[in-house]
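K.L.:
sequence and computational prediction follow.
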Amino acid sequence: MIITIDGPAGSGKSAAALLLARRLNIRHLDTGAMYRAVALDALRQGITQDPVAMGRRVAEIPLDFDFSTRPARILLAGQDVSQAIRTPQITQITRCAADNPTVRQAMVQRQRRIAAESQSLVTEGRDQGTVAFPTADCKFFLDADPRSRAHRRFLELTRRNVPADENQILVDILQRDQQDRTRRVGALMQAPDAIMIDTTPLTLDQVVDAMAAHVETHSAKEART
Ligand code: DC
């Protein structure tokens, strides 16, 4: 079974995807981490400003997931970079990877390969239900009011003792929305057959409950046919 979860930054999809995968005891794939790792690799290679070199490099990037833990660990040349890809600098430059059509094509191929190797998968990102897995069993699109997304991010950073300015976070979120929604290839959009969940008034558990209920209904329907 393939379950896709797409949505903008701060919609709560990463936490919800991970919890859903735990509840169903299946693999969780964070495709944003893949673009982040490609950006980190490009930074190390000094090619972030060179889309052609990035397109050439992508075929040979030693990028792997270790699914023996949940969340999975992301490995670059065998080194665990799960934390290194979460810095503000990498968040900023990941655009160089996500906007590159050659990189996107290679990432989608890898995502499909991972799905083929997995019995079941919860995969989250921006284009999972539209481009990577158009025939997925269950598709979700999570969204929330930008102010509420900024507030959540602010609370999350404050909890981790990272200094944060909520207004600046809101500005960054709106800018990322614009980038994600207007990308030439793999733009963020809701698949026509995706279930939309507005997470603004919901707790994380309520979001996961709603998704799990849909998955159960789908499985019951499949079992009857
Ligand atoms: O979800 P995230 O913030 O970790 O994603 C990092 C970046 O990668 C973000 O700018 C959107 C982009 N992305 C994408 O273009 N397609 C995906 N499937 C996942 C993420």
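P.N.:
Yes, it's here.
K.L.:
alpha carbons only for contacts and neighbour counts from here, please
P.N.:
Fine.
K.L.:
and the longest helix along the chain, what other elements does it pack with?
P.N.:
Using DSSP state H, we find that the single longest helix of the chain is helix 204-224. With contacts taken as 3 or more CA pairs under 8 Å, 6 or more residues apart in numbering; DSSP states H and E, helix 204-224 sits against helix 13-24, strand 138-143.
K.L.:
residues from the chain in reach of the ligand?
P.N.:
9, 31-33, 35-36, 94-95, 98, 125-128 (CA under 6 Å from any ligand atom).
K.L.:
if you set the cut-off to 5 Å instead, what comes out?
P.N.:
31, 32, 98, 125, 126, 127 (CA under 5 Å from any ligand atom).
K.L.:
thinking again about what came up before, among the helices and strands packed on helix 204-224, which is the most enclosed?
P.N.:
Greatest average neighbour count among those goes to strand 138-143 (a mean of 24), per mean count of other CA atoms under 10 Å.
K.L.:
give the next helix or strand downstream of it.
P.N.:
helix 146-159 (DSSP states H and E).
K.L.:
state the mean pLDDT of that following helix.
P.N.:
Mean pLDDT, helix 146-159: 92.
K.L.:
likewise for stretch 175-188?
P.N.:
On average, stretch 175-188 scores 92.
K.L.:
hmm, who's touching that stretch?
P.N.:
Stretch 175-188 has contacts (CA atoms under 8 Å, 6 or more residues apart in numbering) with 6, 7, 8, 9, 99, 101, 104, 126, 127, 131, 189.
K.L.:
list the buried residues in that stretch.
P.N.:
Using 16 or more other CA atoms under 10 Å as the test for burial, stretch 175-188 gives 176, 177, 179, 180, 185, 186, 187, 188.
K.L.:
could these be laid out in JSON lines, adding distance to residue 153?
P.N.:
Output for these, formatted as JSON lines (distance: CA to CA, whole Å):
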{"residue": "176", "distance to residue 153": "14"}
{"residue": "177", "distance to residue 153": "15"}
{"residue": "179", "distance to residue 153": "18"}
{"residue": "180", "distance to residue 153": "18"}
{"residue": "185", "distance to residue 153": "27"}
{"residue": "186", "distance to residue 153": "24"}
{"residue": "187", "distance to residue 153": "22"}
{"residue": "188", "distance to residue 153": "20"}
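K.L.:
a markdown table please, covering those and showing distance to residue 67 and secondary structure.
P.N.:
Converted to a markdown table, the buried residues of stretch 175-188 look like this (distance: CA to CA, whole Å; DSSP: H, G, I helix; E, B strand; the rest coil):
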| residue | distance to residue 67 | secondary structure |
| --- | --- | --- |
| 176 | 28 | helix |
| 177 | 29 | helix |
| 179 | 30 | helix |
| 180 | 27 | helix |
| 185 | 28 | coil |
| 186 | 25 | coil |
| 187 | 27 | coil |
| 188 | 26 | coil |
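K.L.:
let me know the closest of these to residue 167.
P.N.:
residue 176 (14.3 Å; CA to CA).
K.L.:
what about residue 206, distance to residue 20?
P.N.:
11 Å (CA to CA, to the nearest Å).
K.L.:
same check, this time on residue 129
P.N.:
16 Å.
K.L.:
try residue 149
P.N.:
For residue 149 relative to residue 20 (CA to CA), the value is 20 Å.
K.L.:
what does residue 62 give?
P.N.:
28 Å.
K.L.:
with that, I have no additional questions.
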